[in-house]
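K.L.:
Quick one, what's the 3D model for this:
(2 chains)
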Number of protein chains: 2
Amino acid sequence: MPLKDSYLLPAAADMHVHLRNAPGPISQLVTPTIRKAGVDVVFVMPNLAPRPVVSVAEALEYKRNLQALDGDVNYLMSLYLHSSITPDEIREAKKAGIAGVKAYPKGATTNSQWGVVSFEPFYDVLKAMEEEGIVLNLHGEVPSSPADGVTVMNAEAKFLPTLRSLVEKFPKLKIVLEHCTTADAVAAVRSFGPNVVGTITAHHLSLLVDDWSANVNNYCKPSAKTPEDRRALLDAVVNSNGKFFLGTDSAPHDISAKKGKGNTAAGVFTQPYALGYVLTALDEALSRGDIPDDSVSDAVLRGFLSEYGRAFYGVPKATRNILVSRGTDRIPDSLKGEGAEIVPFRAGEMTWGVEWQ
Amino acid sequence: MPLKDSYLLPAAADMHVHLRNAPGPISQLVTPTIRKAGVDVVFVMPNLAPRPVVSVAEALEYKRNLQALDGDVNYLMSLYLHSSITPDEIREAKKAGIAGVKAYPKGATTNSQWGVVSFEPFYDVLKAMEEEGIVLNLHGEVPSSPADGVTVMNAEAKFLPTLRSLVEKFPKLKIVLEHCTTADAVAAVRSFGPNVVGTITAHHLSLLVDDWSANVNNYCKPSAKTPEDRRALLDAVVNSNGKFFLGTDSAPHDISAKKGKGNTAAGVFTQPYALGYVLTALDEALSRGDIPDDSVSDAVLRGFLSEYGRAFYGVPKATRNILVSRGTDRIPDSLKGEGAEIVPFRAGEMTWGVEWQ
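P.N.:
This next block holds a predicted model:
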C-alpha cells in the first residue's frame, strides 16, 4: 500500500542542518529554502570554517545573521565542542538559549579538524551540560584508521562503545546520536533511556553504499551502508516512539568542491526538499516490502517529522500546518546564487510539494 | 626494512589491461604507455563499446589495430563471453591464438550490459575451453541487489560459490579470478589446484574504501575494501607461489566520465606506472608492518611481475630486462591526447622510473 497522495501535517522540524557561514554565498542560497521544505525550526551545526562556533557570543552573532536571511525560522544554535569551552560557558549558553554542543571526532568529517580526540578532557563540560539540560550532539564515528581496521563502513559501529561509556558516565545528559546509518546504531539508541535519541537524515532512508560509490553528490559522512542498515533506519522511522526524529544533515557544498580535481567534499544537500525525500523513501520502502504495508500512519509522519524533535529540544508544538502533495514539485538540476551552485539530492526528479496552510 | 633503491627485473607482464577501442583517442594515448611501465606482454580485455569483442575475427582485427599503435608488445587477446559464442568458435579461437574468454556478470561493471546472468547456458562453451586450454577470465562479482543484501562491498565474496561450482564442474578449466580484492577471494583461489589463479591490481595494494569514497579517480569495480582485505592481497603478492600475478585492470576513462554531472565511471588508470605503484605499495606495507620485513625478495618481484603470469598463459620467459629505480619518475596530473584526457592513479606523486636494458 503506497502512501496517500497528500498529507496535512504540522510544520516540520529539521534537527540537524548546515547553513554555512552567514553572511556568505551558501547561507544566502540555502537559508531561504528551509521554509520551502515545510520546516520552521532547525538545529544549526557549528562547524564553520575557518573558525567553528565555540562561544556563546559567536553563536548569537551567527543566529542574528541567519535571522537576517529568514526571520520566520526558529534557529536552535549549537557550540562546537572544543578545549576553549568551559563549564561557565555552558551555563552562559543555557541562559542565552543555546540548545546543544556538537562533538566531532577529529578527522571524521567536514571541518572536524578542531574536533575531539578523547572525551575525558571534557568531562567537566559534559557534567555542566548534564546539569543545565544542554544537549550533546554526537557525530558518531571514529576516524578511519587502517591499523585499527576502521573504515567509513564500520566507523559508526566502532563509535558505539564510546556512546555507551558517555551514557554510563552522564546518565542524565541529553544525547543525540546524529545521522544514524546502521542497524547497530539504531539498536544502541533503543537500548538507552529517553534522554538518548537519534536523528535520521532524509537521504540515508534511500541511499546505499552503491549509490554513493559512483555519484559524488550522494557521498557524505557517515556514508550510506547496506540494505540491512537501511531497513533498520526505515524501521526506526516507523517505530520511533520518540526515539528517532528528522535531522537531515543537509550539507551544501559548492559544485566545485564536488567536482574539483581534488578530493570530494562529504555532504548531501537536501534542505529544500527534505520532506519529499523522506516520503519518497518511505514509498520506495513500502514497494520493496522493507516496511509493513500499514506502517506509515499520519501519526508516524507527524511524530518523526515534527513532534518528537520539538519535544526533545523543548520547543513548543507547531502552530501552523503544511499540505504535502505527491508529485507537485520538481527538484532542479542545481540551485544557483551569487558565487555558489549546489546540486541537490535526486536532482531532476519529481517530488512532493509543500504548501503552507 | 624498505625496498632496495633499484631492481633489475625481467620485463613485466600485465595480464589484465583495458586499451579501449582501436583506433580511438584513448587507445592512442594509452597503448604507447605499456612499455613505459616495463611491460612487454598484456592480456587485453574485450569489453569494448558499443560492441564487445565476441568473435575471433573481431579479436584479430583489434589485435592488428593495437599492433599499429605499438608493434613491440605481445597482445594476448580475449573474447567476451556471450550467447553468440559457440564451441566451434572456441576451437577457432585456439587455432588463432586467442588466450582467454572473459565473463562479466551482467551489470557488475563498465560495459557489462551484454554480460552473463547465469553460467549454465555456457556449459558447452566452457567444456570446449577446458578441452582446448583456453582460459576463463572471471570478473568475480555478483551484481548489486538490495533484496539479496549485495553491495559493492560484498559482491566479490558473494561470487565465490559460483567460482567453486565452476571449478567443480570443469576441474581442468584454466581460470583466472581477476582483480581479487578480498581476503575471501585470496583464500578461495588458494584452495584450488594450479589451474585456478588470481590476478591482483597495482592500485588494490594501496587503496581502501576510504580512498575511493572521496576521490573519483580511485573508484573502480571491484572496489577497494578493508585494511584486512588489503593485507590479504599484499600477502598474496609476497606468498604467491605462482597462484597470484599482476593484472592491473588499468582502466582509462576520459576525465569527463569521472567529473561529469552523471555517475562516475568505474576504473583506475595505472598503465604507465604500474610497476612503480606495486613497489610503492609494498614499501608502504613494509613500513606499516603489513608484510614481514624480509618478504619482498627479488624472486618475489620477478615471479609476481613477470614469470607467473607468463607461465600460466604459456608465454615464453622475458628476453629483456628492466631497471626499476626509486623516485626517478613523476606521475603527471593527467595524460592528454587528441580528444582524451586521463587522470592517472596517484597523480602528481614521485614514483619508480623504468629503464629498458
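
K.L.:
what about the stretch 51-200 of chain A, any weak spots by pLDDT?
P.N.:
The stretch 51-200 of chain A contains no residues with pLDDT under 70.

K.L.:
and the stretch 1-150 of chain A, which residues reach chain B?
P.N.:
A:144, A:146, A:147, A:149 (C-beta under 8 Å from any C-beta of the partner chain). No exception for glycine: its C-beta is placed from N, CA and C like everyone else's.

K.L.:
Against which helices or strands is the biggest strand by length in chain A packed?
P.N.:
Longest strand in chain A by number of residues (criterion: DSSP state E): strand A:321-330. Packing partners of strand A:321-330 (3 or more C-beta pairs under 8 Å, 6 or more residues apart in numbering or on different chains; DSSP states H and E): strand A:6-10, helix A:274-288, strand A:350-356.

K.L.:
now the helix or strand just after it, how far from the chain's geometric center?
P.N.:
Next helix or strand after strand A:321-330 toward the C-terminus (DSSP states H and E): strand A:335-337. Centroid separation between strand A:335-337 and its chain, computed with C-alpha atoms, centre = their mean, to the nearest Å, is 22 Å.

K.L.:
Pull out the buried positions in strand A:335-337.
P.N.:
For strand A:335-337, the neighbour count (16 or more other C-beta atoms under 10 Å in any protein chain shown) marks residue A:335 as buried.

K.L.:
Which strands or helices does that strand pack on?
P.N.:
Judged by 3+ C-beta pairs under 8 Å, 6+ apart, the packing partners of strand A:335-337 are helix A:25-30.

K.L.:
hey, C-alpha coordinates of the helix it packs on in CSV?
P.N.:
Taking Å, rounded to 0.1, in the frame of the first residue of the first chain, the C-alpha atoms of helix A:25-30 are listed here in CSV:
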residue,chain,number,x,y,z
PRO,A,25,27.1,32.9,-0.6
ILE,A,26,25.9,29.4,0.5
SER,A,27,23.9,30.5,3.5
GLN,A,28,22.2,33.1,1.3
LEU,A,29,21.2,30.4,-1.1
VAL,A,30,20.3,27.8,1.4
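
K.L.:
residues contacting residue A:274?
P.N.:
Listed by C-beta atoms under 8 Å, 6 or more residues apart in numbering or on different chains, the contact set of residue A:274 reads A:12, A:14, A:37, A:38, A:39, A:202, A:246, A:248, A:250.

K.L.:
So which residues of the stretch 101-250 of chain A form strands?
P.N.:
A:135-138, A:175-177, A:196-200, A:244-246 (DSSP state E, counting those that start in this stretch).

K.L.:
What pairs with the third one, parallel or antiparallel?
P.N.:
What it means is strand A:196-200. strand A:175-177 (parallel), strand A:244-246 (parallel) (DSSP bridges).

K.L.:
buried subset of the residues of the stretch 1-150 of chain A next to chain B?
P.N.:
Neighbour counting by 16+ other C-beta under 10 Å classes A:144, A:146 among these as buried.

K.L.:
any idea which of the residues of the stretch 1-150 of chain A next to chain B is closest to residue B:236?
P.N.:
residue A:146 (17.5 Å; C-beta to C-beta).

K.L.:
So residue A:81 versus chain B, what's the distance?
P.N.:
According to C-beta to the nearest C-beta, to the nearest Å, residue A:81 and chain B sit 24 Å apart.

K.L.:
Which residue is the nearest non-sequential neighbour of that residue?
P.N.:
Computed as C-beta to C-beta, 6 or more residues apart in numbering or on different chains, the closest residue to residue A:81 that is not its neighbour in sequence is residue A:103, at 4.2 Å.

K.L.:
same check, this time on residue A:305
P.N.:
residue A:12 (4.5 Å).
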